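J.: Sequence unavailable; structure follows:
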């Protein structure tokens, strides 16, 4: 039962070498950085309980055999706290019943370089090629940019979790082989049991401490067998039981000794400064404790949240707005005015302009209004502040940046702030911002006791950072054979992602971030408009606009308006060419067989009738971050209200880890997209939204949505993120369906707000 001879296990006292380097860089890129640049700078900083052993940055195992997978991504309902553990457990050979999840500490090993590349890429980095990407990777890693969004969780961490599971399996097999005096290559792990291929068996916990002292081989072996694999199985989600029985803790569920509750008002949208409050009226509320004033907000603290919110209502805070009040008419005018400026050509192939000349072209204009997030859980955070330390409980998609902002606000070092990342009751990008955490921290310091801050629904809507509004001027020319010869898209839109980055990374106030980004032209503002079709001459021009409304990260981001413009206009061109919409698209796909397969599949499943008059059927197709999707809907109007009786989607998202969760993600996106088609937007007047109750947002209800079917097409391609994929396609598909029944085009989102 002694340790393995050095010739078999290459065991060392300190257990360094490649094993330590794996601990220092779980991802492929992380490994490169750790080995080539900072050999031992980035080590796993996991806390371990008695009996636990940390194998690398993503895995701990205790003596009982409990497998604890460390997840750096925020769970917002997309299932990431099941998907990433499933990848690791599959490669490890774990028993799924023994797998648990723990949130990752803030650290460089968990940086999301894929999202950083998307956000921070510019003309210089693209020109520099791999060197430009390397620079962004360095920046993201050094700053520990832990970001959740844009469906990047699985594509970013799929390989690191495979490596982490494979590495632990090898080390555990080496420890078992040392006890049995056999070659470790003959050992394997299945369902949490180590065996040598014969009668000998050991549980993981029996050798876990010895295993951590062995070294990894030069080449890390991955599983090759196709049987008894966890990957590809529809395993039950790990977060479902606690969400069903109510034991799952969200930010508003946190309870601490001596804790009090707060509600907040931040004034109208824009550069608003607090002028006055009626504190005497607030004091009349039973349970009221204190009004806390800051330059740009006022909060009431009480023994319960309802008392705090009532006190704020009675205090009737007055704000002075120095900037022009936001209103919908001004936003529309700003977007139209943007076209008079000089646009920047961001995507192009050939040159469509010479083709247009004196030719007959089809031209259409489209509009998309700001899309609200409307997550079930309003912004919330709980804080406990000591003299030289702070603890924050909140859901955030950017924990490292959130911790840094809270530390700055309190005058503490980042290391003095402990942030406990919680699951979010919906996010859709809104949790990229973290102002509620900063506010809760300041309130706790003011009160000298723990404070839980929960925004009211009204405050959540007023201070939302919606998805970007946009206007598009589309033009296309058909050839004699009905194929598209020229395509031009001119899009006026602000860049919501540029504004978001200015707020969360550089501490800009919302109105400052909007003004700073008003003249910025970036591909992020027109994402989703790069044509998947084989059009010989096409171009997308962006015209930056300042609409005066602070904007933010959203589900699908610019793909929401990009796909609406593109797929609606494709249908218009098909109608002009007198071709049915599916055949028209397929003939234009050229070398895009995966999207063609999606279209033919959705047509067969949905019983596509060719989009004939009165059919109520509409199509749309899209490519997004390596995933392909086609959607067919059956929709119509009943008593002036949109009703969608059927949605069918065919998706090629690569080799998905958990097909059931993949379908859930697409279904969720489809319903989210339907919300944008029906509502999820409000008019603005005098710096305020004109309504804030969810029941008045035009959101779909169960009676508005019929059968939803998602077909996952078999694929051996790497798994793509699907969380955002369904959202952009429903609106154009519905708009195209309504044309067959109403006989007119719907070119504005939400679809029934045109008049």
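T.: That came in fine, so what should we check first? It should be emphasised that the depicted structure is a prediction, and the values quoted were computed from it without experimental measurement. Numbering: from 1, shown residues only.

J.: Give me the local confidence score for residue 44.
T.: Listed pLDDT for residue 44 reads 66.

J.: buried ones in stretch 279-288?
T.: 279, 282, 285, 287-288 (16 or more other Cβ atoms under 10 Å). Any C-beta I mention is one placed from the backbone N, CA and C, and that applies to glycine too.

J.: closest to residue 658 among those residues?
T.: Proximity of these to residue 658, judged by Cβ to Cβ, is greatest for residue 287, which lies at 46.0 Å.

J.: could you dump the buried residues of stretch 279-288 to a markdown table with pLDDT?
T.: Below are the buried residues of stretch 279-288 laid out as a markdown table (pLDDT from 0 to 100):
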| residue | pLDDT |
| --- | --- |
| 279 | 95 |
| 282 | 97 |
| 285 | 97 |
| 287 | 98 |
| 288 | 98 |
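
J.: Need those in CSV (columns: secondary structure and distance to residue 239).
T.: Formatted as CSV, these follow (DSSP: H, G, I helix; E, B strand; the rest coil; distance: Cβ to Cβ, whole Å):
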residue, secondary structure, distance to residue 239
279, helix, 43
282, helix, 39
285, coil, 37
287, coil, 34
288, strand, 37
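
J.: the helices in the stretch 301-450 of the chain, which residues?
T.: 305-315, 328-338, 353-356, 399-410, 435-447 (DSSP state H, counting those that start in this stretch).

J.: Point out the most buried one among those.
T.: Highest mean neighbour count among the helices of the stretch 301-450 of the chain (mean count of other Cβ atoms under 10 Å): helix 435-447, with a mean of 25.

J.: From residue 49, how far off is residue 649?
T.: 44 Å (Cβ to Cβ, to the nearest Å).

J.: Output the lowest mean pLDDT helix or strand found in this protein.
T.: helix 17-24 (a mean of 34; mean pLDDT, DSSP states H and E).

J.: related to what we said a few turns ago, more neighbours, residue 649 and residue 49?
T.: For the pair residue 649 and residue 49, the greater number of neighbours falls to residue 649 (30 against 8), based on other Cβ atoms under 10 Å.

J.: Quickly list what the more buried one is bridged to.
T.: Residue 649 has these beta-bridge partners by DSSP bridges: residue 631, residue 710.

J.: list the contacts for it?
T.: Listed by Cβ atoms under 8 Å, 6 or more residues apart in numbering, the contact partners of residue 649 are 602, 629-632, 666, 670, 709-711, 726, 729.

J.: mind putting these in a markdown table, pLDDT included?
T.: Listed next are the contacts of residue 649 as a markdown table, based on pLDDT from 0 to 100:
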| residue | pLDDT |
| --- | --- |
| 602 | 98 |
| 629 | 98 |
| 630 | 98 |
| 631 | 98 |
| 632 | 98 |
| 666 | 98 |
| 670 | 98 |
| 709 | 98 |
| 710 | 98 |
| 711 | 98 |
| 726 | 97 |
| 729 | 97 |
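
J.: Make JSON lines out of these and add distance to residue 506.
T.: Shown next, in JSON lines, are these (distance: Cβ to Cβ, whole Å):
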{"residue": "602", "distance to residue 506": "43"}
{"residue": "629", "distance to residue 506": "35"}
{"residue": "630", "distance to residue 506": "40"}
{"residue": "631", "distance to residue 506": "38"}
{"residue": "632", "distance to residue 506": "43"}
{"residue": "666", "distance to residue 506": "35"}
{"residue": "670", "distance to residue 506": "35"}
{"residue": "709", "distance to residue 506": "44"}
{"residue": "710", "distance to residue 506": "39"}
{"residue": "711", "distance to residue 506": "43"}
{"residue": "726", "distance to residue 506": "32"}
{"residue": "729", "distance to residue 506": "34"}
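
J.: Could you work out the end-to-end span of stretch 389-408 for me?
T.: The first and last residues of stretch 389-408 sit 12 Å apart, counting by Cα to Cα, to the nearest Å.

J.: How far away from the center of its chain is that stretch?
T.: 18 Å (Cα atoms, centre = their mean, to the nearest Å).

J.: Show residues contacting stretch 340-352.
T.: Counting by Cβ under 8 Å, 6+ apart, 475, 477, 486-488, 490, 521-523, 526, 529-531, 535-544 sit against stretch 340-352.

J.: filter those residues to the buried ones?
T.: Buried positions within the contacts of stretch 340-352, assessed by neighbour count (16+ other Cβ under 10 Å), are 475, 477, 486-488, 490, 521-523, 526, 529-531, 535-544.

J.: Give me the buried positions along stretch 351-370.
T.: 352, 355-356, 361-362, 364, 366-370.

J.: tell me the mean pLDDT over it?
T.: For stretch 351-370, the mean confidence score works out to 92.
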